[in-house]
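Asker: Structure of the sequence below:
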Amino acid sequence: MNQLQHLNLSHANFTGIVPHNLGNLSRLRVLDLSRNSFTGELPFLGNMNWLEYLDLSQNEYNFLSDHNPHFVLPKNVAHGDLSSNNLYHNTNWISNLVSDKCSLKSLQLNANQLYGDISRVMTGCWINKLENLNLWGNYFNDTIPVFLGKLAALTELDISENNLSGLIPNSIGGAYFLQWLHLNNNSLTGQLPSTLKNCTLLRVLDVGDNNLHNDFYVPIPPAFCQFYRLQVMDVSNNKFTGYIPRCFGNFSGMTVINPSGFFNDSEWSSVALKQVIKGVQREYTTTSKYVVNLDLSNNYFVGEIPLELTRLFVFIGLNISRNHLGGNIPTKIGDLKLLESLDLSNNNLVEEIPQSLSILMFLSHLNMSNNNMSGPIPTGHQLQVLEDPSIYSGNPRLCGPPLMKFHTEEKPAPTPTPQEEEEEDEDEDERLEEIYFYAFVISGFATSFWGFVGLLLFKPTWKQALFRLVEVTLCKMLGY
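Answerer: So this is what the prediction gives:
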């Protein structure tokens, strides 16, 4: 056992505490204890001077002391994964753990309860070699450190779902090899730094759920359209305004299925993606390299949907809902043949839904509610399966299945013949004569009545004589 170099006990349903004598396996180069139910303190690994790969993720370690003398990272470790445990420590503990590990290339501390100033994590001799830093799902605070751009070898940075605030530093443009950038679900403010255009290898850019904004005339810097490898862009739930850049149609990573050299399995093997597709948040692990998604939802974009977006043939998800977009849906929307999820709801879109939408064979989630569209809903193919009327609700002039109302064309009134026109004129003259006759009768009656009443008012003797006449007449009729 002392000569053992590779030990993989993952997915083995182990429970309890890892024995301390495990640390005596001094020749180990790979140790994988992930996906078990180990509890207590992290194991003692102090004698494993040859260890290069360490994975203790997805267990139930939980110790609350900021000082744990039994756990240290071996000095030559290149990959350290302590993610998805119950670790509760401040950043001083993390700094002491990794600061002298000069061979460290990948550090995974996500989904724990770590807290404190995030800049304390990014210190040590390992910084210049670091390729992968994953800290999402903790309680790190303060601002993103300016020296982030000095991480020259960095390819993946995920600091999402923390309590970070302030601006995204311009120095981030110095991380030239950055391919996966996740800053979402924080409280970041300001604009996307223009220096980000230097990161031309970006495949995933996720800055959703922050408080980012922009200059109205430059909604997203046009230089970002140079991200020819970009497969996922998520800027949802921010305060971006202006027009959707037409140059988004130049994202080559969204136009070609598995383009040569764009990705390989080994590069994507450790990348997990969380994206809202089909109306719910989904996590992609083994299939993350196939996710192609553009999410611009819940911002203040105006204008029309750029026709250029229909060039992005390998979209599986397009969400531009909850903006202020107007105009028509592009007639070439049917060119997005791999589209599975389309959300155009809560805008000001008008006119008819293009018939080409019906040829999207993989479409399983559609939302066009709360717009101003009109006319019949297209039918055929996959649309026959989408029978929920709420898909089209809030468009009072839409009609046809699955809505209850149906479209009927209004036929123009027939042109009358000359004989019919003459008869209509005669009828009109007769109606006018009747109106004049009744008007004269009513006016004559009113004049006579009020004239008689007026005489009685101004001639008291006449009024008395009239009342006496009426009284005598009534007495005779009653026999008095």
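
Asker: got a list of what Asn372 touches?
Answerer: Contacts for Asn372 (CB atoms under 8 Å, 6 or more residues apart in numbering) come out as Asn348, Leu349, Val350, Asn395, Arg397. Using the backbone N, CA and C atoms, a C-beta is placed for each residue, glycine as well.

Asker: hmm, which of those are the buried ones?
Answerer: Leu349, Asn395 (16 or more other CB atoms under 10 Å).

Asker: Nearest to Val146 among the contacts of Asn372?
Answerer: Asn348 (41.2 Å; CB to CB).

Asker: Surely the closest one and Leu325 touch.
Answerer: Yes. Contact status for Asn348 versus Leu325: in contact at 6.6 Å, counting by CB atoms under 8 Å.

Asker: Need the contacts of Asn372 in a markdown table (columns: pLDDT, distance to Gly279 and secondary structure).
Answerer: Putting the contacts of Asn372 into a markdown table (pLDDT from 0 to 100; distance: CB to CB, whole Å; DSSP: H, G, I helix; E, B strand; the rest coil) gives the following:
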| residue | pLDDT | distance to Gly279 | secondary structure |
| --- | --- | --- | --- |
| Asn348 | 97 | 21 | strand |
| Leu349 | 97 | 19 | strand |
| Val350 | 95 | 24 | strand |
| Asn395 | 95 | 18 | coil |
| Arg397 | 94 | 25 | strand |
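
Asker: sec struct for Gln113, please.
Answerer: Following DSSP: H, G, I helix; E, B strand; the rest coil, Gln113 is assigned to coil.

Asker: my guess is it contacts Asn138, does it?
Answerer: Yes. Shown here, Gln113 and Asn138 form a contact pair, counting by CB under 8 Å, at 6.7 Å.

Asker: More neighbours: which of these two?
Answerer: Asn138 (23 against 14; other CB atoms under 10 Å).

Asker: Distance check, Tyr88 against Ile305.
Answerer: To Ile305, Tyr88 is 47 Å away according to CB to CB, to the nearest Å.

Asker: who's more crowded, those two?
Answerer: Counted by other CB under 10 Å, Tyr88 and Ile305 do not tie: Ile305 has more neighbours, with 22 against 17.

Asker: measure that one to Asn49 for me?
Answerer: Applying CB to CB to Ile305 and Asn49 gives a distance of 59 Å.

Asker: Equivalent analysis for Pro396, please.
Answerer: For Pro396, the distance to Asn49 equals 73 Å [CB to CB].

Asker: neighbour-wise, which of the two wins?
Answerer: Neighbours were tallied for Pro396 and for Asn49 using other CB under 10 Å; the higher tally belongs to Asn49 (13 against 10).

Asker: so who does the more buried one touch?
Answerer: Per CB under 8 Å, 6+ apart, neighbours of Asn49: Ser26, Pro74, Lys75, Asn76.

Asker: Where does the prediction get shaky in this structure?
Answerer: Along the chain, the model assigns pLDDT under 70 to residues 1, 63-70, 216-223, 257-270, 405-441, 443-480.

Asker: Quick test: name the residue nearest the centre of it.
Answerer: When CA atoms, centre = their mean is applied to the chain, the residue found nearest the centroid is Ser297 (4.3 Å).

Asker: Just read off the phi/psi values of that one.
Answerer: phi -70, psi 160 (degrees, to the nearest 10).

Asker: Could you double-check that it sits in contact with Asp343?
Answerer: Yes. Between Ser297 and Asp343 there is a contact under CB under 8 Å: 6.9 Å.

Asker: what touches both of those two?
Answerer: Asn319, Ile320, Ser321.

Asker: Include distance to Asn13 when you put the residues you listed into JSON lines, please.
Answerer: JSON lines is the format used below for those (distance: CB to CB, whole Å):
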{"residue": "Asn319", "distance to Asn13": "39"}
{"residue": "Ile320", "distance to Asn13": "45"}
{"residue": "Ser321", "distance to Asn13": "43"}
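
Asker: Pull out the buried residues from the contacts of Asn49.
Answerer: Here, 16+ other CB under 10 Å leaves Pro74 buried among the contacts of Asn49.

Asker: Could you let me know which of the contacts of Asn49 ends up closest to Pro402?
Answerer: Among the contacts of Asn49, and counting by CB to CB, the member closest to Pro402 is Pro74, at 61.5 Å.

Asker: tell me the SS of the closest one?
Answerer: Under three-state DSSP, Pro74 comes out as coil.

Asker: Excluding chain neighbours, what is closest to it?
Answerer: Leu51 (4.2 Å; CB to CB, 6 or more residues apart in numbering).

Asker: just Ala12 next, same as before
Answerer: Nearest residue to Ala12, sequence neighbours excluded (CB to CB, 6+ apart): Asn36, at 6.0 Å.

Asker: Show the contacting residues for the one you found.
Answerer: Counting by CB under 8 Å, 6+ apart, Asn36 touches Leu9, Ser10, His11, Ala12, Asn13, Phe14, Thr15, Gln58, Asn59.

Asker: before we move on, back to that, now, which of the shared contacts of Ser297 and Asp343 lie within strands?
Answerer: Those of those mapping onto strands are Asn319, per DSSP state E.

Asker: coming back round to it: narrow the contacts of Asn36 to those in strands?
Answerer: The strands, defined by DSSP E, take in Thr15 from the contacts of Asn36.

Asker: Just the buried ones from the contacts of Asn36?
Answerer: Gln58, Asn59.

Asker: Take the contacts of Asn36 and lay them out in TSV including distance to Asp209.
Answerer: Formatted as TSV, the contacts of Asn36 follow (distance: CB to CB, whole Å):
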residue	distance to Asp209
Leu9	37
Ser10	32
His11	33
Ala12	37
Asn13	36
Phe14	37
Thr15	36
Gln58	25
Asn59	29
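
Asker: measure stretch 319-327 end to end?
Answerer: Terminal residues of stretch 319-327 are spaced 17 Å apart (CA to CA, to the nearest Å).

Asker: Show me how far it is from its chain's centre.
Answerer: 11 Å (CA atoms, centre = their mean, to the nearest Å).

Asker: do the same with stretch 375-384
Answerer: 25 Å.

Asker: got the buried residues for that stretch?
Answerer: Within stretch 375-384, the residues scored as buried using 16+ other CB under 10 Å are Ile377, Pro378, Gln382, Leu383.

Asker: again, but for stretch 71-87
Answerer: Buried, per 16+ other CB under 10 Å, within stretch 71-87: 71-74, 77-85, 87.

Asker: would you put the C-alpha positions of that stretch in PDB?
Answerer: Extracted in PDB, the C-alpha atoms of stretch 71-87 (Å, rounded to 0.1, in the frame of the first residue of the first chain):
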ATOM      1  CA  PHE A  71      -5.700  19.400   7.200                       C
ATOM      2  CA  VAL A  72      -3.200  20.900   4.900                       C
ATOM      3  CA  LEU A  73      -2.900  20.800   1.100                       C
ATOM      4  CA  PRO A  74       0.100  18.900   0.000                       C
ATOM      5  CA  LYS A  75       2.700  21.200  -1.400                       C
ATOM      6  CA  ASN A  76       2.800  19.800  -5.000                       C
ATOM      7  CA  VAL A  77      -1.000  19.600  -5.500                       C
ATOM      8  CA  ALA A  78      -2.100  21.000  -8.900                       C
ATOM      9  CA  HIS A  79      -5.800  20.300  -8.600                       C
ATOM     10  CA  GLY A  80      -7.700  20.900  -5.300                       C
ATOM     11  CA  ASP A  81     -11.500  20.300  -5.100                       C
ATOM     12  CA  LEU A  82     -13.300  20.900  -1.800                       C
ATOM     13  CA  SER A  83     -16.600  22.000  -3.300                       C
ATOM     14  CA  SER A  84     -20.100  21.100  -2.200                       C
ATOM     15  CA  ASN A  85     -19.300  20.500   1.400                       C
ATOM     16  CA  ASN A  86     -20.400  22.400   4.500                       C
ATOM     17  CA  LEU A  87     -17.100  24.300   5.000                       C
END
